[in-house]
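>>> here you go, sequence then predicted model.
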Amino acid sequence: MIKISWISRYFSWLHNNAPEGEVEVYPTISDSFESSVPGIRVIGDLTGLPLLKFSVESGVKVVEEIAKQNQNRIYSPKSDPFLYDVLIVGAGPAGVSAGIEFKKLNYNFIILEANDPFHTIKSYPKGKPIFAEPEDLKTKSEVRIKNGTKESLLQDLQDVLKKWKLPLILKARVSKIQNEPFGFSVLCEDGKKFKTKEVVLAIGKSGNARNLEIPGEELPKVYHRLIDPKDFENEEVLVIGGGDSAVEAAIAVSDFAKTTTLSYRGKELVRPKSENKQKLESLIQSGKIEFLNATEIQEIGETEISIRELNFQNQQLTSKKISNTSVLIQIGSNAPIDFLKQIGLKIQNQKRLWDWIGFIEMILFTNVVYFGKASFYGVPTYSTIALVSLVGFVLLGIPFGVHLFRKRKELFANSWNTFKNSYIFFAALYFCTVYVGGKYFDFLLLGKQPGFHYTLLYSLTILTFGLRRMKARPTKYIKRQTWTLILIQVFPLFLLPEIILPFLGQNELLGDRNGFLLTQVFPYGAYWNAYGFILAWPLNMGIFYNTGITTFWLIYGITQTFVIIPYLVFRFGKGAYCGWICSCGGLAETLGDETRTKMPHGKFANRLENTGQWILLFATVITILKLSEIFLSPWFPFTHVLGSVGDRGKKVYDVIVDLMLGGVVGVGSYFFLSGRVWCRFFCPLSALMHIYARFSRFRILSEKKKCISCNICTKVCHQGIDVMSYANKGIPMDNVQCVRCSACVVNCPTNVLSFGELK
């Protein structure tokens, strides 16, 4: 029990009470608002930005994107008067904003609304304050969002709608959208059918209130919307939630209710705006509102409610009951996932059958790559694994190829998708050809073994996708970081060991055979030692785990791993190495940039991070055993036994860690679980830097007042960090997993986050 306690304490110290929030699920959309179904675009709340200003601006931008795509189209009278250029679903601020822009361009369009225009805003509580945030965002939309109340906002919106006289059909709830040769057929529940070339979804998500999923939630006393606070006059009201909606509801109801209680499962409220928190605190002090923090509702009864209280000090649970006549649940809403799936849209991080088949194909291919190139070093088992994987890759590739052909419109929707998917296909074909030719036909392309071609493809991929990353996110930080990663991969990790050093060696330009370079740095022509200049122990076990280790590499390796890297991490965070130097990070930040939102979040994923610490321990043990044999055997012969044990451990390490986890799982997961699976969960060097990072001065700083709790910072984090929880609280983020990729900083819509260090 004592040992388990120490292990638990160590991991607890390492994680440092890092928050473990999940990511909200939305449809997958591109920067141009296009969904996974070409021709269907998504704007408004479903983009993941829960602010009115962003919603109306998305309406303007989506029209700009459609107009840009169709700039050569001539809008003349239609042979089919019932075929629209665009059909907008939803007459909220985003849909109306887009409609106005379409009308300016003389598009033939229509708006379908399931209820009334601005239905969601009409359902806001009376007098709800409206904050026109972010204040510095200047929108181009005709729909202006100003500070005020629900009533003033509605008046402004109605005035705009009246002014522009948009083609609008009410009570038209869309039930189905079908692909057609001309575009889409849009079917409504009442049987009406519309034909359109393109669809813009502006349906929001507020109509899909989240449930507690507890007994009694179906009782008539339970509400998910607050319309008029006066409806709760003389009631014993319990408000559940911890965001602005819950706080505003509690404040409004307290003017009329007999008693008002606010229940929140966290220790403190961190998400509400400062104005709302100040009002709430004032009402709590005056006794008008009772705040029950760290509480969870267990059951809702006719006249009372069962509440569970959590004591965070001793982790003991206690329960109590409170008298109650009305319950108001304000815990947010979910996107209409079922409807989006039904019309064929892909949902973020939700895996379909063909996603799993594609994942298996990637794993089989990476088996061919890693076990294939390793098989050239004389391990028959590796050849068998590579061959079986190649056969499986080809056989499974037949039905998968048919599926991809059917999805060709999506795969080749634009020039980048066309290039990207073509590049991946030809890169896979190139390596398979190189491997089969070298292994079974004694044909070595360019006279080089597959290892050379693997490194060539690795470097070319980082260059290609790095250029795309800089074009897509042209910040100074990303340009400097990406160019650094490209140059390090291309020169010291490819050109130097694969071309420059062999050329110099063959022409005897590396000095005397007994000179420093050929005895200390590259003994016996071991040009692969050049990797050690960049890749430190234990990521590169060859630094220390080498019978022929020289004085140079011993000193360099110790200095690199235990002096230089700790200093970099202390000053600039773990990302100074992982995000700027490491080749694994280089591939993750370039090839893996578009799939960063696929990284798993939550408690299970955070627990899995501990795997790297166990791998680090194993690497340390076998390295110490080997070094003991190398340096102590002249005096202690029994250390040969230790070295032998270490050698057996190294063989296990090579297969499980280097080949399977670092290669097959790490690279095979790029399009399924994001590009940082190896870095986050398994890399032993990363695990070592986690220890260093606990003493680092580097932080990501946040301005709490600007945070809108959109969760984008958490969603784009390659390392699965719940960045939003830090930003909500306004505290510096000290999570050891951070790799300084800058995605959270760059993608934050309100500029909440910035790099910094402790003073």
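It's in. Just so we're clear, the structure is a prediction, and the values are computed from it rather than from any experiment.
>>> give me the below-cutoff pLDDT ranges for the stretch 1-150 of the chain.
For the stretch 1-150 of the chain, the stretches flagged by pLDDT under 70 are 1-4, 72-80.
>>> which residue is the nearest non-sequential neighbour of the residue nearest the centre of the chain?
The residue lying closest to the centre of the chain (CA atoms, centre = their mean) is residue 597, at 2.3 Å. Of all residues not flanking residue 597 in the chain, residue 715 sits nearest, at 5.2 Å (CB to CB, 6 or more residues apart in numbering). Any C-beta I mention is one placed from the backbone N, CA and C, and that applies to glycine too.
>>> list the residues that contact the one you found.
Listed by CB atoms under 8 Å, 6 or more residues apart in numbering, the contact set of residue 715 reads 23-24, 48, 348, 597.
>>> columns distance to residue 105 and secondary structure on top of the residues you listed, output as a markdown table?
A markdown table is the format used below for those (distance: CB to CB, whole Å; DSSP: H, G, I helix; E, B strand; the rest coil):
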| residue | distance to residue 105 | secondary structure |
| --- | --- | --- |
| 23 | 36 | coil |
| 24 | 33 | coil |
| 48 | 27 | coil |
| 348 | 31 | coil |
| 597 | 32 | helix |
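>>> hmm, back to that, is it true that the residue nearest to the centre of the chain touches residue 349?
Yes: with contact defined as CB atoms under 8 Å, residue 597 reaches residue 349; the gap is 7.0 Å.
>>> okay, and the common contacts of those two?
residue 23.
>>> for residue 352, give me its contacts.
Residue 352 sits next to residue 346 when contact means CB under 8 Å, 6+ apart.
>>> redo that, cut-off 10 Å
Neighbour list for residue 352: 341, 346, 358 [criterion: CB atoms under 10 Å, 6 or more residues apart in numbering].
>>> can you redo these as TSV with distance to residue 238 and secondary structure?
Output for the contacts of residue 352, formatted as TSV (distance: CB to CB, whole Å; three-state DSSP):
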residue	distance to residue 238	secondary structure
341	34	helix
346	39	coil
358	47	helix
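>>> which of those are buried?
Among the contacts of residue 352, those classed as buried by 16 or more other CB atoms under 10 Å are 346, 358.
>>> residue 290 pairs with what?
Beta bridges link residue 290 to residue 261 when assigned by DSSP bridges.
>>> ok, now how distant is it from residue 254?
For residue 290, the distance to residue 254 equals 10 Å [CB to CB, to the nearest Å].
>>> quick check on these two: which one has the bigger neighbour count.
Each of residue 290 and residue 254 has its neighbours counted (other CB atoms under 10 Å); residue 254 has more, 24 against 16.
>>> does that one really touch residue 328, like I thought?
No: the criterion here is CB atoms under 10 Å, and residue 254 misses it with residue 328 at 11.7 Å.
>>> overlap of the contact sets of those two?
229, 232, 237, 239, 260, 262.
>>> just put those in CSV and tack on distance to residue 651 and neighbour count.
Shown next, in CSV, are the shared contacts of residue 254 and residue 328 (distance: CB to CB, whole Å; neighbours: other CB atoms under 10 Å):
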residue, distance to residue 651, neighbour count
229, 71, 24
232, 70, 24
237, 67, 27
239, 61, 28
260, 67, 28
262, 60, 29
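>>> so, low pLDDT: which residues of the stretch 201-350 of the chain?
Short version for the stretch 201-350 of the chain, where the test is pLDDT under 70: 206-207, 311-317.
>>> which stretches of it form helices?
With DSSP state H, counting those that start in this stretch as the criterion, the stretch 201-350 of the chain has helices at 244-253, 274-286, 337-342.
>>> nearest to residue 757, of the ones you listed?
helix 274-286 (25.9 Å; CB to CB).
>>> now the closest one, how far from the centre of its chain.
Distance, stretch centre to chain centre, for helix 274-286: 35 Å (CA atoms, centre = their mean, to the nearest Å).
>>> could you tell me the angle between it and helix 244-253?
Between the axis of helix 274-286 and that of helix 244-253 there is an angle of 40 degrees, by axes from the mean of the first three to the mean of the last three CA atoms, to 10 degrees.
>>> fine, thanks again, bye for now.
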